[in-house]
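Colleague: how would this look folded up:
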Amino acid sequence: MTVPKPREMFDTYEVRRQLAGSYVNGRWQPGGYTTLNIRMSVQPMSPEEMHLLPEGVKVTDAVKVYADEALSTMDERTQTPADVIIVDGEEYEVHRVFEHKMGTLAHWKAIAVRKERQ
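Modeller: Numbers count the residues shown, from 1 in each chain. All right, here's what the predicted structure looks like:
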């Protein structure tokens, strides 16, 4: 089991989050984007942890992320895409989020998959 680094050792990563969209004159309009800088620990996933990913997800590279702030997966109800974390110039899309309530050590663990370049 991997233990997250102490918070003072976390690095700051850019996270792109799309805001919720809405219907305007009967047409769906996606929300704008906001960029957040979040302190987190990004670590490679072990082969045993890959089972945490949803079935059918094409995986070329995945990471696990420990953060003090919540990250967001895709919201089907609002059609809001998942957060995208920029790691070493690569984009990783958040697929799973686990909240760990542990008093002063409370944190979120996320699983993110590298997006294919287009």
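
Colleague: where does the chain dip in pLDDT?
Modeller: For the chain, residues meeting the criterion pLDDT under 70 lie at 1-8, 56, 58, 118.

Colleague: From Trp28, how far off is Val97?
Modeller: Counting by Cβ to Cβ, to the nearest Å, the gap from Val97 to Trp28 is 25 Å. Placement of C-beta: from N, CA and C, glycine included.

Colleague: Run through who's touching the one helix or strand Val97 maps to.
Modeller: Here Val97, judged by DSSP states H and E, is contained in strand 90-100. Contacts to strand 90-100, defined as Cβ atoms under 8 Å, 6 or more residues apart in numbering, come from residues 52-54, 57, 61-63, 65, 70-73, 81-86, 106-115.

Colleague: List the neighbouring strands of it plus their orientation.
Modeller: Strand 90-100 sits in its sheet next to strand 84-87 (antiparallel), strand 107-114 (antiparallel), going by DSSP bridges.

Colleague: Could you pull out the buried residues of that strand?
Modeller: In terms of neighbour count (16 or more other Cβ atoms under 10 Å), strand 90-100 has its buried residues at Glu91, Tyr92, Glu93, Val94, His95, Arg96, Val97.

Colleague: does the third one have beta-bridge partners, and which?
Modeller: For Glu93, the beta-bridge assignment (DSSP bridges) gives partners Val84, Val113.

Colleague: Give me the residue at the spatial middle of the chain.
Modeller: Val94 (3.1 Å; Cα atoms, centre = their mean).
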